[in-house]
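Peer 1: I'd like to go over a predicted model; first the sequence, then the structure.
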Amino acid sequence: MENLHTIKQKYTIPLEMQSCHTTIMDKYFIEGHVLTKAINKLLKEQPDIDGIVLPGMPIGTPDMPGDKEEPYVIYQLIDGKFSVFMTI
C-alpha cells in the first residue's frame, strides 16, 4: 500500500498510537512492532477489543536496532480509546 493512513483511519487508530506497520489478523488489527508474546495472548484470549498497538518504533523491538532499554507497553484499543493490554 502506498498510503497506510487510510487503513489506520478505518480502524480508528489514534495518531499517538500509530506506527509504521498495520496488520489485520482475524478480527483484530496489530499496529507497530508488537512482540509475538502479545500477539499470542491476543489470539488465545480473544478479548472484545479492536486491536493491539506498540506505538512508535521502540529500540530493540523486532527489526529495530539496539538493545531493549525499557519495558514495552502494548495497548489495546476499543473505538479509538486505549488502555494497557500488557507490558513486556
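Peer 2: Sure, I can see it.

Peer 1: List the contacts of the closest residue to Pro14 other than its chain neighbours.
Peer 2: In space, and not counting its chain neighbours, Pro14 is closest to Gly80: 5.6 Å by CB to CB, 6 or more residues apart in numbering. In this view, the C-beta of every residue, glycine as well, is placed from N, C-alpha and C. Contact partners of Gly80, counting by CB atoms under 8 Å, 6 or more residues apart in numbering, are Thr12, Ile13, Pro14.

Peer 1: Please name the nearest non-neighbouring residue to the second one.
Peer 2: When the adjacent residues along the chain are set aside, Ile13 lies closest to Glu31, with 5.6 Å between them (CB to CB, 6+ apart).

Peer 1: Then the first one?
Peer 2: With CB to CB, 6+ apart as the criterion, Thr12 has its nearest non-adjacent residue at 3.9 Å, and that residue is Gly80.

Peer 1: Out of the contacts of Gly80, flag the one nearest to Leu4.
Peer 2: Nearest to Leu4 among these, counting by CB to CB, is Ile13 at 9.7 Å.

Peer 1: bridging residues for Thr87?
Peer 2: Beta bridges link Thr87 to Val73, judged by DSSP bridges.

Peer 1: re earlier: in ChimeraX, how would I select just the buried ones from the contacts of Gly80?
Peer 2: This is the ChimeraX syntax for the buried subset of those, where burial follows 16 or more other CB atoms under 10 Å:
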select :13
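
Peer 1: I'd say Leu54 and Val34 touch.
Peer 2: Yes: the pair Leu54 / Val34 is scored as a contact, 4.7 Å apart, by CB atoms under 8 Å.

Peer 1: list the residues that contact both of the two?
Peer 2: With CB under 8 Å, 6+ apart as the test, Leu54 and Val34 both reach Ile74.

Peer 1: Just the pLDDT at Leu77, thanks.
Peer 2: Note for Leu77: predicted pLDDT of 97.

Peer 1: again with the one 3 residues further on
Peer 2: Per-residue confidence at Gly80 stands at 92 (pLDDT).
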